[in-house]
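In: pasted the sequence and its predicted model underneath.
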Amino acid sequence: MTSTSFSDRGLYVITDGPRPDLFEAVKQALLGGARVVQYRDKTDDTQRRHDEAETLLALCREHDAPLIINDDISLARAVGAAGVHLGETDDSIAEARVALGSNAIIGVSCYDSLERAQHMAKQGANYVAFGAFFPSPTKPQARRANVELLRHSAALGIPRVAIGGITPDNGASLIAAGADYLAVISAVFGRPDVRAAAQHFTQLYFPDRAVSS
C-alpha cells in the first residue's frame, strides 16, 4: 500500500460510473489542478473496475495525487490504491486499516453529523466528508448539511471535505468556513472542458493560477 499525502488542500474529484473517456477526463482534471481522485463505480463489473483502478492509479502517481477507492476495500488493496472512502453502511475504519495498512488514507462520509465526524476521527479516519451542502444532481435525495458544520468541526484536527452540488460560484463560502477540499463530480466531469472546470475550482484555493483557454 503506497501512501500519498492528504495534508494538501484543493479540488477533490470523484468519478461516477463507466464512461468511455474516463482516463482522459481524469487526466484533464489533474492537469486542471485536482489534488485527489476518488474512483466511484457502483457497477458489478469486477474485471473492468480493477483494470480501470490500476490505470487511474498510475495516472494519479504521475501527478502526485492520491487515488481513493469508493466503498471497496478489496479493490483498494488489490491495486495498491492510496486509500478508501467509506459510507455509513460500508465496512468499519478498523477493518479498512487491517486490510490496507497504517499508511492508507481512510475517509468517511459524515453527512450532516458532527457527532459522527467526532466518532470517526477518534476511530482513526484520515479525513471526514460533510454534505450535501447544496442540491446534488448525483444524489438528489442526499441529506443536507449547513455550512456552520464546517466551522463547528474545526477542532477535529483532520482535513474536512465538502460535497454536494458544489460549483465555482458557491464553493468559496465553504472554503471560507473551513473546507480543506471541495469534492465535485458533475461540475467537473459533466462539463465539456474538464480541465478548465477543474481550474476554476483550483482558483478558489489558489487565485493566481490562470485558467487555460
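Out: Nice, I can see it. Residues are numbered from 1 along each chain as shown.

In: so where is the chain shaky, pLDDT-wise?
Out: Residues of the chain meeting the criterion pLDDT under 70: 1-5, 210-213.

In: what's the longest helix in it?
Out: The residue-count maximum for a helix in the chain (DSSP state H) belongs to helix 46-62.

In: show me where the protein has helices.
Out: Secondary structure of the chain (DSSP H): helices located at 22-31, 46-62, 73-79, 93-100, 114-123, 148-152, 171-177, 186-189, 194-205.

In: okay, those helices in TSV with distance to Ile163 and mean neighbour count next?
Out: No exception for glycine: its C-beta is placed from N, CA and C like everyone else's. Rendered in TSV, the data for the helices of the chain read as follows (distance: least, Cβ to Cβ, whole Å; neighbours: other Cβ atoms under 10 Å):
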stretch	distance to Ile163	mean neighbour count
helix 22-31	16	20
helix 46-62	19	16
helix 73-79	19	20
helix 93-100	19	17
helix 114-123	13	16
helix 148-152	12	16
helix 171-177	10	18
helix 186-189	11	22
helix 194-205	13	22
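
In: nearest to Gly165, of these?
Out: Among the helices of the chain, the nearest to Gly165 by Cβ to Cβ is helix 186-189 (8.2 Å).

In: how about Gly178, nearest residue that isn't a chain neighbour?
Out: Leaving aside its sequence neighbours, Gly178 sits nearest to Leu150 (Cβ to Cβ, 6 or more residues apart in numbering; 4.3 Å).

In: my guess is Phe130 meets Ala117, correct?
Out: Yes: in this structure, Phe130 is within contact of Ala117 by Cβ atoms under 8 Å, at 7.1 Å.

In: I'd like to know which elements the longest strand seen in the chain is packed against.
Out: The single longest strand within the chain, with elements called by DSSP state E, is strand 105-111. In terms of contacts (3 or more Cβ pairs under 8 Å, 6 or more residues apart in numbering; DSSP states H and E), strand 105-111 is packed against strand 83-86, helix 93-100, helix 114-123, strand 127-130.
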